[in-house]
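Student: Predicted model and sequence follow; I will ask about them next.
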Amino acid sequence: MANKIFTLSEANALLPQLTEDLLTLQTLSKQFEEQYLELLRKKKILDQTSSPHINQKDAFFDEEVKLDFMRAEADLLVENFKRKGVLLKTINPGLIDFPAVIDGKDALICWQQGEEQISHYHGWNDGFVGRKSLPDDIV
């Protein structure tokens, strides 16, 4: 779906699933960050307290593998957004763009987490700061 063009109705219809996927990705990202920081803390403590002759190579193998799996799961979730033809701009806060045509021009209808439905758009080069309210005749 690399070149999918959305109508406002199609984009709004996808929001419940995209919101669910986004919440899953946000939770996973938070867990990853917490576990990664904890792993770094443990490695620092081990480095400061261990004799240089002790083999530390496998001390954190299980935790590192778990982080690798979490990263792969997050990558799959991000890829699911791409497969649906939408552009995940930021994970937290969630910001999603949908390629569209507005007034005969290529544009992005955009949704920010917390909004009940899509009500804004911007040009491809305008970004979030260039958001404008959708014209009333867009469906």
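Tutor: Right, received. Where do you want to start?

Student: all contacts plus neighbour counts: C-alpha atoms, from now on.
Tutor: Noted.

Student: Can you list the residue ranges for helices in the protein?
Tutor: In the chain, the segments counted as helices under DSSP state H are 8-49, 61-83.

Student: TSV please, covering the ones you listed and showing distance to residue 92.
Tutor: Formatted as TSV, the helices of the chain follow (distance: least, C-alpha to C-alpha, whole Å):
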stretch	distance to residue 92
helix 8-49	7
helix 61-83	13
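
Student: Give me the neighbour count for residue 115.
Tutor: Neighbour count for residue 115, taken as other C-alpha atoms under 10 Å: 8.

Student: Which one of the helices of the chain lies nearest to residue 108?
Tutor: The closest of the helices of the chain to residue 108 is helix 8-49. By C-alpha to C-alpha, the value is 10.4 Å.

Student: The closest one - contacts with which helices or strands?
Tutor: helix 61-83 (3 or more C-alpha pairs under 8 Å, 6 or more residues apart in numbering; DSSP states H and E).

Student: buried set for the helix it packs on?
Tutor: Residues of helix 61-83 classed as buried: 67, 70, 74, 77, 78, 81 (neighbour count, 16 or more other C-alpha atoms under 10 Å).

Student: Let's have those in CSV, adding distance to residue 45 and pLDDT.
Tutor: Output for those, formatted as CSV (distance: C-alpha to C-alpha, whole Å; pLDDT from 0 to 100):
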residue, distance to residue 45, pLDDT
67, 19, 96
70, 24, 96
74, 28, 96
77, 33, 95
78, 34, 96
81, 39, 96
